[in-house]
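K.L.:
No sequence on hand, only this structure:
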């Protein structure tokens, strides 16, 4: 029997400043703050590597666009399938689910109505990083950089950004877990809950902080930064393996996940976990990369 007397009643207004029928939401503010802190971290990392001063701004712009566009598209593609009474017949297949964003792509622009996916954001970052490397770095032989070199540094800031985004989810009283009798259970009043549930937003905040501390310390105090892809791989395993496990106590985001052996979050996490393992193995099979970034101009 669940004892709600030991639980925390969560009834925080998701809107920080009310303006008419809307206002400035905690979620949007924390997203912006997360991006800004990630940028400041990048500035410090690139300064340590003796990179050109314009690199942090350039990389931040590419990555900010990539993560926002990817997060939006990811949510609309992965999570917006709904059972319909008007199925579509395509040859011999009957499709019982419809996606309003495919039928009306202009709905994608209504980002203020919510709907962002962390897996989609990760894919957006990777796509942006690929094109950034191809268009800006790979054609400049004087730079000791690569796709993995970029992400070894980028993910350190991503950890802090992810932590603040999950705090935004908490302020929205969304994507929480199943019922619990643990004393730290939250009753999400604004979402209609009357019994305590796992505050999985806080759990995810914590593993983002753990990932930040580990990757930060490895970068500054070890030779890990010279093992190309190592920090990126460690990040992928911490973030997505933990996410995979937490999905077992989280409520399904959409109804179509109810009868699935693994939900959408777990399915999307598996490729990232495998990639992380491969990156770590590859990093230790290759020699250390040069300490300098710009030939003849870096620290010896």
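P.N.:
Done, it's in. Everything numeric here is computed off the predicted structure, so don't read it as measured data.
K.L.:
Secondary structure element holding residue 16?
P.N.:
Assigned by DSSP states H and E, residue 16 falls within strand 15-19.
K.L.:
Can you identify the element that follows that strand toward the C-terminus?
P.N.:
Per DSSP H and E, strand 15-19 leads on to strand 22-25 as the next helix or strand towards the C-terminus.
K.L.:
Just the buried residues of that following strand, please?
P.N.:
Buried residues in strand 22-25, counted by 16 or more other CB atoms under 10 Å: residue 25. (C-beta placed from N, C-alpha, C; glycine too.)
K.L.:
And the contacts of it?
P.N.:
The set of residues external to strand 22-25 that reach it, using CB atoms under 8 Å, 6 or more residues apart in numbering, is 14, 15, 16, 17, 112, 168, 171, 172.
K.L.:
Quick check: residue 208 vs residue 160, distance?
P.N.:
Computed with CB to CB, to the nearest Å, the distance linking residue 208 and residue 160 is 7 Å.
K.L.:
neighbour-wise, which of the two wins?
P.N.:
Taking other CB atoms under 10 Å, residue 208 and residue 160 do not tie; residue 208 has more neighbours (25 against 22).
K.L.:
now that one: how far from residue 198?
P.N.:
Distance of residue 208 to residue 198, given as CB to CB: 17 Å.
K.L.:
likewise residue 55?
P.N.:
According to CB to CB, residue 55 and residue 198 sit 41 Å apart.
K.L.:
Let me see the ranges of the helices in the stretch 101-250 of the chain.
P.N.:
118-132, 147-171, 200-221, 230-246 (DSSP state H, counting those that start in this stretch).
K.L.:
show me the contacts for residue 168.
P.N.:
Residue 168 neighbours (CB under 8 Å, 6+ apart): 25, 26, 27, 28, 29, 30, 31.
K.L.:
how about 7 Å then?
P.N.:
Counting by CB atoms under 7 Å, 6 or more residues apart in numbering, residue 168 touches 26, 27, 30, 31.
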